[in-house]
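> All I have is the shape, not the residue letters:
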């Protein structure tokens, strides 16, 4: 009994020293979560050739190597990138074979030429699928069925995730394949904010006093943005590959210094710091270093000599007077002050192993109305994007009065450049903290051509501030499906 008591006492003392100081300072490390198991993400490829194109550079065997081989020596390896960028938690495989040798169908040459892509690409997909079915293809059991054209032109896109478990590319380009698979795996574009104050001057970000433009693909440090680099730690969190004990949550008004380690390697320390401001608003802090094959930064790059700060998964530009986002990270000695929470984030030092930051806070101002703008939650789309369901939350502080929000109940896509999207709005009154579920119908105009229409309007508006949030529209206007009974399944 005595030895058992001593063991319990030692454990109690250990946890007292480790965890009680963290809770006192408002810095809480997430509990450990076992996510070491690798998910086999099963992909089929259907290759579609045209009557006027010739297969030259990408045979089916070469595409199989680029798609399925987990090789650190092949920069164009889709499977290699995803494996490295997810800490080995995702591995691209086939359903019928691990190396994909039994999961590539084609090339199939269809009668069409490679032109008029916007109005014909869905027909091309159907033709390719029908050919593959004759070769034994069955889409059940695949996480993604990927259709690859041989040189489709004038599509208006290199590729896109169609929805469900399908994606398409105009050519086989590894970086684009990874990007579209990212959508099917559950992550969206890596964007950035371009913000101005009331005088029209560019500033980093401030919920109360600036207008912020959401720059699509604006994050240069994420494959879901503009460059062939690891996912940001925000997107790795969405993929579920970041262990909870690698996340430090700063949840109260407290002062302290904190170490953050490179997000590419989760062996050491904390890899993500979440600094909560008010309600469920928070900033994320990320540190990057050159690593592996794909995070091939130079030692002089801003991103490896600073801290990247994001809000709402948008990169905040700490040097907004330049026209680029490559210099967005906070540099050594620089500070960012958030007026909403009274917090100052300062980068103290950086070396090859870690960065050290300081977070200091003013006393919270109680009883003051701070309006934060609307928040979009529970977003989902159905029926090829013709129905969008979402929730809007009023995130104003409790001291604020209720606010009117304009919500689009329908959006008509006309195809007319001068008035491409026509909205019909309704007004709703929401009190601070209140949320409401809505549905928006996306409608085709009378002369609209078949194809994919993407729109990122800032169209959910809080009237009293003018702050808005965009309702993403990804609408596939498709002709009625006509199939021979031979291909029905």
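Sure, I can see it. Since this is a predicted model, take the numbers as computed values, not measurements.
> Quickly list the domain ranges of this structure.
1-26, 39-184, 193-361, 374-477 (automatic domain parsing).
> Dump those to a markdown table, plus mean neighbour count.
Every residue, glycine included, has its C-beta placed from N, CA and C. Formatted as a markdown table, the domains of the chain follow (neighbours: other C-beta atoms under 10 Å):
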| stretch | mean neighbour count |
| --- | --- |
| domain 1-26 | 10 |
| domain 39-184 | 19 |
| domain 193-361 | 19 |
| domain 374-477 | 16 |
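> can you list these in CSV and add mean pLDDT?
Below are these laid out as CSV (pLDDT from 0 to 100):
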stretch, mean pLDDT
domain 1-26, 42
domain 39-184, 93
domain 193-361, 89
domain 374-477, 83
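> so how far is residue 234 from the most centrally placed residue in the chain?
In the chain, the C-alpha nearest the mean C-alpha coordinate belongs to residue 188, at 3.2 Å (C-alpha atoms, centre = their mean). Residue 188 sits 10 Å away from residue 234, taking C-beta to C-beta, to the nearest Å as the criterion.
> for residue 61, same thing?
As for residue 61, its distance to residue 234 is 37 Å (criterion: C-beta to C-beta).
> same deal with residue 187?
Distance of residue 187 to residue 234, given as C-beta to C-beta: 9 Å.
> Likewise for residue 313?
On the measure of C-beta to C-beta, residue 313 and residue 234 end up 5 Å apart.
> the strands in the stretch 351-489 of the chain, which residues?
In the stretch 351-489 of the chain, the segments counted as strands under DSSP state E, counting those that start in this stretch are 355-361, 374-382, 387-394, 403-413, 421-430, 435-444, 451-455, 460-462, 468-469, 473-477.
> hang on, I meant the stretch 201-350 of the chain
202-203, 211-215, 247-250, 256-260, 272-276, 282-286, 306-311, 314-316, 330-331, 335-338, 343-350.
> distance between the second one and the chain's centre?
Here the centre of mass of C-alpha atoms in strand 211-215, compared against the chain's by C-alpha atoms, centre = their mean, to the nearest Å, lies 16 Å away.
> Adjacent strands (with direction) for it?
Looking at strand 211-215 with DSSP bridges, its partner strands are strand 191-196 (antiparallel).
> Could you give the separation of the partner strand from the chain centroid?
When distances are taken as C-alpha atoms, centre = their mean, strand 191-196 is centred 16 Å away from the chain's centroid.
> Kindly report the same for stretch 45-55.
Averaged C-alpha coordinates place stretch 45-55 at 31 Å from its chain's average position (C-alpha atoms, centre = their mean).
> Please list the outside residues in contact with it.
Contacts with stretch 45-55, where a contact means C-beta atoms under 8 Å, 6 or more residues apart in numbering, come from 60, 63-64, 67, 100, 103-114, 124-125, 127-129, 131-132, 137, 145-152.
> next one: stretch 377-393
For stretch 377-393, contacts defined as C-beta under 8 Å, 6+ apart pick out 163, 374-376, 405, 407, 428, 430, 433-443, 460, 469, 471-478.
> which stretches of this protein form helices?
Using DSSP state H, the helices of the chain run over 2-25, 60-68, 78-85, 117-134, 174-184, 233-239.
> and the gap between residue 393 and residue 430?
Distance of residue 393 to residue 430, computed by C-beta to C-beta: 8 Å.
> Equivalent analysis for residue 382, please.
24 Å.
> ditto for residue 138
Distance, residue 138 to residue 430, using C-beta to C-beta: 47 Å.
> now do residue 286
On the measure of C-beta to C-beta, residue 286 and residue 430 end up 33 Å apart.
> swap in residue 189?
Using C-beta to C-beta, residue 189 is found at 27 Å from residue 430.
> can you pull the contacts of the spatially closest residue to the residue nearest to the centre of the chain that is not a sequence neighbour?
Leaving aside its chain neighbours, residue 188 sits nearest to residue 224 (7.0 Å; criterion: C-beta to C-beta, 6 or more residues apart in numbering). Counting by C-beta under 8 Å, 6+ apart, residue 224 touches 179, 182, 187-190, 231-232, 235.
> Residue 271: which of those residues is nearest?
For these, the closest approach to residue 271 (C-beta to C-beta) belongs to residue 232, at 11.5 Å.
> In space, what's closest to the closest one - neighbours in sequence excluded?
What sits nearest to residue 232 in space, not counting adjacent residues and going by C-beta to C-beta, 6+ apart, is residue 222, at 4.4 Å.
> so the one you found sits right up against residue 228, yeah?
No. Judged on C-beta atoms under 8 Å, residue 222 makes no contact with residue 228 at a distance of 10.0 Å.
> what's in contact with stretch 294-303?
Residues contacting stretch 294-303 (C-beta under 8 Å, 6+ apart): 75, 81, 84-85, 221, 228-230, 264, 288-290, 304, 326-329, 331.
> repeat for stretch 313-332
Taking contacts as C-beta under 8 Å, 6+ apart, the residues outside stretch 313-332 that touch it are 188, 190-195, 202-205, 214-215, 218-221, 225, 232, 234-235, 283, 301-303, 305-310, 334, 336, 345, 347-350.
> thinking again about what came up before, measure the residue nearest to the centre of the chain to residue 238 for me?
Look at residue 188 and residue 238: by C-beta to C-beta, they are 8 Å apart.
> ok, back up a step: I'd like the strands of the stretch 201-350 of the chain as a markdown table, with distance to residue 452 appended.
Listed next are the strands of the stretch 201-350 of the chain as a markdown table, based on distance: least, C-beta to C-beta, whole Å:
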| stretch | distance to residue 452 |
| --- | --- |
| strand 202-203 | 33 |
| strand 211-215 | 20 |
| strand 247-250 | 36 |
| strand 256-260 | 39 |
| strand 272-276 | 34 |
| strand 282-286 | 31 |
| strand 306-311 | 28 |
| strand 314-316 | 24 |
| strand 330-331 | 37 |
| strand 335-338 | 38 |
| strand 343-350 | 40 |
